[in-house]
Every structure is written in structure tokens, then in C-alpha cells.
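Novice: predicted model, plus sequence, below.
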Amino acid sequence: MGMLFEGDNLSLFWHGFVQTLLLSGASALLALVLGTLLAACRVSPVPVLRAFGTGWVGVFRNTPLTLLFFAITFGLPKLDVHLSSFVFDVLALGIYTGSFVCEVLRAGINTVPLGQAEAARSLGMTFGQTLTLVVLPQAGRAVLGPLSSVFIALPRNSAIAGAFNVAELYSVQVTLHERGYAIFAIFFWIALAYLCISATVGLVFRGLGRRLAVAA
């Protein structure tokens, strides 16, 4: 096992680790923005927006992630949309994860007392102002735990990208195995790398939880 990461192997592993970080980070950002917008649609007073948000979440939350990768990677080029494999994978992961972020945020919004929104509207605040200035800050604090679970799962879900021309962590094991290294040794280091990423995400959310609890 000690001979596994020498020379080119170490560079390959590091490249896969960095690609996983970049892929997960970009997808998390897209999922957070998209999920917040969808949550706003789900609680909007406009029926069309509510129907759009409900339909979007219903479709993408119940679509297998691998199928979504196939649809975006091979479907969009047929519509004359040509992007890099990395961007396609970010879109697939971000859209999929965004539907879960939406439902977590919507659950948090439902915990905010209705009287606070009514008070904001009585002061002349619009729906958008009420949502962004009054409701979402409280909802965000309430759902940090479930939200952390969604983003901890994201790096593991990114392993599917290895089958779609992105050299992330999981795809590294294929190359190393083809070079003749023991599969158990390879999986040990790959699993350890994923564990480090997931643990870091968990620590970030715990830190946010403590900070926001004090601020509250």
C-alpha cells in the first residue's frame, strides 16, 4: 500500500481529489441558489409559481441521478447546447441537489410563525422582502442540520461524474486498478478522501450552527 502513491499515481490521486472538490463546490453553489428560488416559488402567493416549483421538485427529486446525468450530457448537445463535461456534470448535480435543498428550506419556512410574515406585510413589505429579510434567515437557522446532510451527500453523488468524462476521485480507482494495484488499498484511500471532504462539510455546518445560535 505504501507504493501506491508514488510519482504519477500521486499526481493522479491529487487531481481527482481537486476535481471532486471543484465539482462539489460548484454544484453546491448552484443547488443552494436554485433550491432557494424553488423554495420561494413553493411558498409564493402566485399559483403559477407554486405549480412550477412543485412540478420541478417532483420531477427532479424523483429522477435517478444517473439518468439525469445521461439526459443532460447527451440530451443538451442534441439541442445544440455544447458545454464542457465538467459543466454538464455540475448542472446535473446542482439540479438534482437543488430539489432537495428546496424541500429542506420549505420545511424551515413552515416553522416560522405566520404572524411574523403578516406583521411584515402590515409594514408595507413585499413578498420578496418578507421572504428574504424576515422568513429565510430564521428558516435557514432551523434547517442547518438537514441541509448539512444534503451537502455531505453531494461529494459522494459526484462519483457518478467519473463515468461522464470528469476525472474525479472515484474514476481514479479505475485507472489505479488497471495499473495493477490492489483494489482494497485503492478503495481505502478513496474512501478516506471522501471521508475527509464529508467531515469538513460537517464541521463547517456545525460552526455555522454555533455562530448563528449565538447571533439569534
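Specialist: Received, thanks.

Novice: please compute how far stretch 191-207 lies from its chain's middle.
Specialist: 14 Å (C-alpha atoms, centre = their mean, to the nearest Å).

Novice: grab the longest helix from this structure for me.
Specialist: In the chain, taking DSSP state H as the definition, the longest helix is helix 8-42.

Novice: for the chain, give me the ranges with low pLDDT.
Specialist: For the chain, the stretches with pLDDT under 70 are 1-7, 180, 182, 213-216.

Novice: can you map out the strands along it?
Specialist: With strands called from DSSP state E, the chain shows none.

Novice: ok, which stretches of the chain are helices?
Specialist: So, for the chain - with DSSP H - the helices run 8-42, 47-61, 65-70, 76-78, 85-111, 114-122, 127-129, 136-142, 144-157, 169-178, 183-215.

Novice: buried sites along the longest one?
Specialist: Going back to what we said before, that points to helix 8-42. 9, 12-13, 16-17, 19-21, 23-24, 26-28, 30-32, 34-36, 38-42 (16 or more other C-beta atoms under 10 Å). Using the backbone N, CA and C atoms, a C-beta is placed for each residue, glycine as well.

Novice: repeat for the last one
Specialist: Counting neighbours by 16+ other C-beta under 10 Å, one finds that the buried residues in helix 183-215 are 185, 186, 189, 190, 193, 194, 197, 198, 201, 205.

Novice: ok, the fifth one - contacts?
Specialist: To tie it back to what came earlier, the one meant is residue 193. By C-beta atoms under 8 Å, 6 or more residues apart in numbering, the contact set of residue 193 is 13, 17, 20, 169.

Novice: got those residues as CSV, with distance to residue 102 columns?
Specialist: As requested, these are exported to CSV (distance: C-beta to C-beta, whole Å):
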residue, distance to residue 102
13, 35
17, 29
20, 24
169, 27
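
Novice: what's the farthest-apart pair in those residues?
Specialist: Farthest pair in the contacts of residue 193 (C-beta to C-beta) is 13 and 20. Separation: 10.7 Å.

Novice: that older thread, who does the longest helix of the chain touch, helix- and strand-wise?
Specialist: Under the contact criterion of 3 or more C-beta pairs under 8 Å, 6 or more residues apart in numbering; DSSP states H and E, helix 8-42 touches helix 47-61, helix 85-111, helix 144-157, helix 169-178, helix 183-215.

Novice: kindly recompute the last result at 10 Å.
Specialist: helix 47-61, helix 85-111, helix 136-142, helix 144-157, helix 169-178, helix 183-215 (3 or more C-beta pairs under 10 Å, 6 or more residues apart in numbering; DSSP states H and E).

Novice: closest one to residue 123 among those?
Specialist: Comparison of these against residue 123 by C-beta to C-beta identifies helix 136-142 as nearest, at 16.3 Å.

Novice: if we can go back for a sec, make CSV from the helices of the chain and add distance to residue 163 to it.
Specialist: Below are those laid out as CSV (distance: least, C-beta to C-beta, whole Å):
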stretch, distance to residue 163
helix 8-42, 13
helix 47-61, 19
helix 65-70, 8
helix 76-78, 17
helix 85-111, 10
helix 114-122, 45
helix 127-129, 40
helix 136-142, 34
helix 144-157, 12
helix 169-178, 8
helix 183-215, 15
